[in-house]
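1. Structure for this input, please:
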Amino acid sequence: MDWLINFFKGFWKLIKKFFWWLIDSVFAPFRWALDGFFTVISAIFYLMFDGLLTAVAAVFKSFDLSSLLFTSVGSALDLPAAAIWIITELGLPQCISMVVIAIGIRMLLNILPAAVTRI
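-> Okay, the predicted model is just below:
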């Protein structure tokens, strides 16, 4: 009697496997098309966002006052022109300005919680 029960259990498992395979094979093209659709949509949003950030980066590069400031300070301190050029080309003025801005933002953000919590 156990062999008959095992046969029907195995047969039922085989039927379930077949139906799951059938469902997977029928819906696979739809999943593939949906995946392709979302890939195209995400690429479009990525390109738009990348274009926006490229424009923003170009605007900020046009306002690069750190090199001008360092060049004028270097000339006032009588640094050689080659040293000013090397320092400017290495991007040290931009690095220093980023660090100073980051410290300033950190100091401003440290003020905010104290003002909010002591009201």
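
2. So for the strand or helix carrying V100, what gets flagged as buried?
-> Assigned by DSSP states H and E, V100 belongs to helix 92-117. Within helix 92-117, the residues that qualify as buried are P93, S97, counting by 16 or more other C-beta atoms under 10 Å. Backbone N, C-alpha and C define where each C-beta goes, glycine included.

3. And for stretch 79-96?
-> So, applying 16+ other C-beta under 10 Å, buried residues of stretch 79-96: I84, I87, T88, P93.

4. Pick the one among those closest to S72.
-> I84 (9.7 Å; C-beta to C-beta).

5. and of the buried residues of stretch 79-96, the nearest to V100?
-> Among the buried residues of stretch 79-96, and counting by C-beta to C-beta, the member closest to V100 is P93, at 10.5 Å.

6. circling back: how far off centre is the helix holding V100?
-> 22 Å (C-alpha atoms, centre = their mean, to the nearest Å).

7. how about the buried residues of stretch 79-96 in a markdown table, adding distance to F30?
-> Shown next, in a markdown table, are those (distance: C-beta to C-beta, whole Å):
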| residue | distance to F30 |
| --- | --- |
| I84 | 63 |
| I87 | 59 |
| T88 | 57 |
| P93 | 55 |
